[in-house]
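Chemist: using only what follows, build the 3D model:
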Amino acid sequence: MESSQRPAPSAANPIDRPGHGAAGAQPDHTPPASVVLVMNHNRDDLADLCGALAHSGYRVQVGDSLAQSHRMLEQSRPDAVVLNPLVLCAGGVELALLEGLQCDEDPVPVILLVDDLRALADARQLRVPFQSFVLKPVSPAECAQRIENALQIRRVFRELHSRTRQLESQVSIDFKTGLLSELHCKRVLALEWKRAQRHQNPLSLLLIDVDNFKSVNDSTEYAFGDEVLRRVADALKGNVRETDFAARFGGDEFCVLLPQTTPAEAVQTALRIRQRISGMLVQSAGYQKQVTVSIGVDSYDGRSASNVDQLRRNANRALHEAKRRGKNQVWLFSGSETELQQQAT
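Modeler: You can find the predicted model right below:
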């Protein structure tokens, strides 16, 4: 995040024009000055404004033409832009340059210089992405203050965005198992479903339930139940591809999303997981448990009319059928509840 402190006015804060470098280097311990690009396409006399910005501690770059501004933006991304437009119009070069700076994660604030309120209304109608405006003749002090306010808002936005990303990363992982969380898995499932539809690729879903897990919690400590879940999660991690998605999907339920996987391939993966877990003995804190799982499978073939909710419902029906038939089994949904097929015992 940028520091709110700007260096004191010095030769290290020059006004840059094409072909001219900075007059001097900043000490290593000094935060770099915020860069303000003045796009003076109308070529008004903005010398006082540029001088005031440099005196305030900004590094000022000046583009006296569309071509110069375009070259500068190709070389680096400024912290703020002051636009003195030549002709603002829909589909115009100036509008395209501004829109190129407005990424969702870190938009560059734009201060628009306008002749009058009518010009301001026209800019708003064109949806020019400016954050603030200054009426001509330009007051250098007013413009500098608006830039300071815009940069402060940008700093707060960056901080909030960073915190949001941190929180998203925390909720995307289940803290007990290290698998994807249920919330994040639902997002991934929605995205992979759209991708499968778009490219007409198969997509398979496994719903996995730990058999008799309630009795584990009822007869042992919760810490042992957590260890059972961790061991099941480790088995899932070791039996899926890097392109697959394994998640905890409730208290004792898991899911595995298998992109570009046919029903036959999904069943083979499910059988491998069931076999790996059924031979697993969990021992911890004086307790031990032979763990088994039941697995329901459903697949989308990339062409048939369906939806992501139906995929989950069908896999859940297959899971319930595996439970009903004696547990420790893999069942594939194949059209209706009466057509559930047993794949292994």
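Chemist: mind checking pLDDT for Glu168?
Modeler: pLDDT, the model's per-residue confidence, is 63 for Glu168.
Chemist: repeat for His29
Modeler: Model confidence at His29 (pLDDT) stands at 53.
Chemist: how about Glu288, what does it touch?
Modeler: Rather than Glu, residue 288 is Gln. 281-282 (Cβ atoms under 8 Å, 6 or more residues apart in numbering). Where you see a C-beta, it was placed from the backbone N, CA and C, and this is true even at glycine.
Chemist: now the helix or strand harbouring it, how far from the centre of its chain.
Modeler: Assigned by DSSP states H and E, Gln288 belongs to strand 287-291. On the basis of Cα atoms, centre = their mean, to the nearest Å, strand 287-291 is displaced by 40 Å from the centre of the chain it belongs to.
Chemist: that one pairs with which strands, parallel or anti?
Modeler: Paired neighbours of strand 287-291 in the sheet (DSSP bridges): strand 280-284 (antiparallel).
Chemist: the strand it pairs with - what's its average pLDDT?
Modeler: 86.
Chemist: give the buried residues for that strand.
Modeler: Going by neighbour count (16 or more other Cβ atoms under 10 Å), the buried part of strand 280-284 is 280, 282, 284.
Chemist: what are the C-alpha coordinates of the helix or strand following the strand holding Gln288, in CSV please?
Modeler: On the C-terminal side of strand 287-291, the nearest following helix or strand under DSSP H and E is strand 293-300. What follows is the C-alpha trace of strand 293-300 in CSV, where atoms were taken according to Å, rounded to 0.1, in the frame of the first residue of the first chain:
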residue,chain,number,x,y,z
VAL,A,293,-17.2,-44.2,3.2
SER,A,294,-20.2,-44.3,0.8
ILE,A,295,-20.0,-42.4,-2.5
GLY,A,296,-22.6,-41.2,-4.9
VAL,A,297,-21.7,-40.3,-8.5
ASP,A,298,-23.3,-38.3,-11.2
SER,A,299,-21.9,-36.9,-14.5
TYR,A,300,-22.8,-34.3,-17.1
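Chemist: what's strand 293-300 packed up against?
Modeler: For strand 293-300, the helices and strands in contact under the criterion 3 or more Cβ pairs under 8 Å, 6 or more residues apart in numbering; DSSP states H and E are strand 203-210, helix 263-278, helix 308-324, strand 330-332.
Chemist: could you give me the buried positions within the second one?
Modeler: Meaning helix 263-278. Of the residues in helix 263-278, those scored as buried under the neighbour-count criterion (16+ other Cβ under 10 Å) are 263, 266-267, 269-271, 273-274, 276-277.
Chemist: what do you get for the first one?
Modeler: Applying a neighbour-count criterion of 16+ other Cβ under 10 Å, the buried positions in strand 203-210 are 203-210.
Chemist: from the residues you listed, which is closest to Tyr58?
Modeler: Distances from Tyr58 to these, taken as Cβ to Cβ, are shortest for Leu203 (51.8 Å).
Chemist: so the closest one bridges to which residues?
Modeler: According to DSSP bridges, the partner residues bridging Leu203 are Pro259, Tyr300.
Chemist: ok, it to Phe213 distance?
Modeler: 28 Å (Cβ to Cβ, to the nearest Å).
Chemist: and if you look at Met280?
Modeler: Taking Cβ to Cβ as the criterion, Met280 is separated from Phe213 by 14 Å.
Chemist: kindly report the same for Pro263.
Modeler: Distance of Pro263 to Phe213, computed by Cβ to Cβ: 27 Å.
Chemist: kindly report the same for Asn307.
Modeler: To Phe213, Asn307 is 30 Å away according to Cβ to Cβ.
Chemist: okay, the two: which has more neighbours?
Modeler: A side-by-side neighbour count of Asn307 and Phe213, using other Cβ atoms under 10 Å, places Phe213 first with 19 against 11.
Chemist: in space, what's closest to that one - neighbours in sequence excluded?
Modeler: Taking Cβ to Cβ, 6 or more residues apart in numbering as the measure, Phe213 lies nearest to Asp252, with 3.7 Å between them; neighbours along the chain are not counted.
Chemist: just Ile208 next, same as before
Modeler: Excluding its sequence neighbours, the residue lying closest to Ile208 (Cβ to Cβ, 6+ apart) is Phe254, at 4.3 Å.
Chemist: please enumerate the helices of this structure.
Modeler: In the chain, helices defined by DSSP state H lie at 47-55, 66-75, 93-99, 117-125, 140-171, 182-199, 213-219, 222-237, 263-278, 308-324, listed in chain order.
Chemist: by mean pLDDT, point me to the weakest helix or strand of this structure.
Modeler: In the chain, no helix or strand scores lower on mean pLDDT, DSSP states H and E than strand 341-344, which sits at a mean of 44.
Chemist: in the stretch 151-300 of the chain, which ranges drop under the pLDDT threshold?
Modeler: The model of the stretch 151-300 of the chain has pLDDT under 70 over residues 168-170.
Chemist: one step back: so the residue nearest to Ile208 sits against Arg248, correct?
Modeler: Yes - the pair Phe254 and Arg248 passes the contact test of Cβ atoms under 8 Å, sitting 5.7 Å apart.
Chemist: looking at these two, which one has more neighbours?
Modeler: Neighbours around Phe254 and Arg248, counted as other Cβ under 10 Å, are more numerous at Phe254. The numbers are 28 against 25.
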